[in-house]
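**Q** Here's a sequence, model it:
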Amino acid sequence: MTSNTCPECGGIGYYKESVPYGHPRFGMLIPCACKLAEREHRTAAELLEMSNLAAFADKTFDTFDAEMRGVKRAFIKAREFARKPQGWLVLFGNYGTGKTHLASAIANELLVHNYRVLFAVVPDLLDHLRSTFGPSSEIQYDQRFELIRDAAVLILDDLGTENTTPWAREKLFQIINHRYNGRLPTVITSNRRPEEIEPRVFSRMSDRAICEEFIIMDGDDYRRLPATKRRKLPL
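**A** Down below sits the predicted model:
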């Protein structure tokens, strides 16, 4: 019979190094590789659940109509980011220009390559944080906040549509500022004009060392186009 017990730690999850008394690691419990892998798997599962990407499973690069007016550059930049996520990608545009489609496509592509990615509409993200204060919550606020801000790739959809309470503004700023300071790969979409973004957040988005440029999607509202004007795309 094959045992699934880790041969390194015997299933305990930790081990002690064989070092002499007085050594800095003498008696120290060190997480085993199996324990770290378990944590990584649990984190990825929590991020996937929060992302709720099942509703966007059809939003891929193949199903995006890149020939529509005003979206080509955004499509190219989004695909580049999905292939090599680094820095920040910021997409501005009106309703129906494809911002959420591209943001979802990035998330779906990264998941295929086992990235710990969190995709969230900003108001929903703040709701996830608020829910930790409820009496039935099984997760603590600090735990969820750390999970969000430290995701390998964070995709914030619809920045600027959140409830502008002082608490919401501060939490969102803390998340964005943490990722700015750590230079963590981040995607932001918004239908606001750049100058309407909260100044502290806009300042960090404007740093060309982390975000080369804002991508403006100024095409037509795809949802309003008649079927005859929509290019037939693969499902």
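
**Q** so where is the chain shaky, pLDDT-wise?
**A** Applying pLDDT under 70 to the chain flags residues 1-3, 8, 10-16, 19, 22-23, 26-27, 29-45, 47, 227-235.

**Q** for it, what spans make up the helices?
**A** With helices called from DSSP state H, the chain shows them at 33-51, 72-83, 99-112, 122-131, 141-149, 166-182, 199-205.

**Q** Go ahead and name everything in contact with the fifth one.
**A** With Cβ atoms under 8 Å, 6 or more residues apart in numbering as the test, helix 141-149 has contacts from 43, 46-47, 50, 118, 120, 125, 128-129, 132-133, 154, 171, 174-175, 178-179. To be clear about C-beta, it is placed using only N, CA and C from the backbone, and glycine gets the same treatment.

**Q** Skipping adjacent residues, who's closest to Phe61 in space?
**A** Leaving aside its chain neighbours, Phe61 sits nearest to Ala105 (4.9 Å; criterion: Cβ to Cβ, 6 or more residues apart in numbering).

**Q** ok, Leu110 touching Phe81?
**A** No - here Leu110 lies out of contact with Phe81, judged by Cβ atoms under 8 Å, at a distance of 9.1 Å.

**Q** Same list, the helices of the chain, but as JSON lines with distance to Cys211 and mean neighbour count please.
**A** Formatted as JSON lines, the helices of the chain follow (distance: least, Cβ to Cβ, whole Å; neighbours: other Cβ atoms under 10 Å):
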{"stretch": "helix 33-51", "distance to Cys211": "22", "mean neighbour count": "15"}
{"stretch": "helix 72-83", "distance to Cys211": "11", "mean neighbour count": "18"}
{"stretch": "helix 99-112", "distance to Cys211": "15", "mean neighbour count": "22"}
{"stretch": "helix 122-131", "distance to Cys211": "17", "mean neighbour count": "17"}
{"stretch": "helix 141-149", "distance to Cys211": "18", "mean neighbour count": "16"}
{"stretch": "helix 166-182", "distance to Cys211": "10", "mean neighbour count": "16"}
{"stretch": "helix 199-205", "distance to Cys211": "6", "mean neighbour count": "16"}
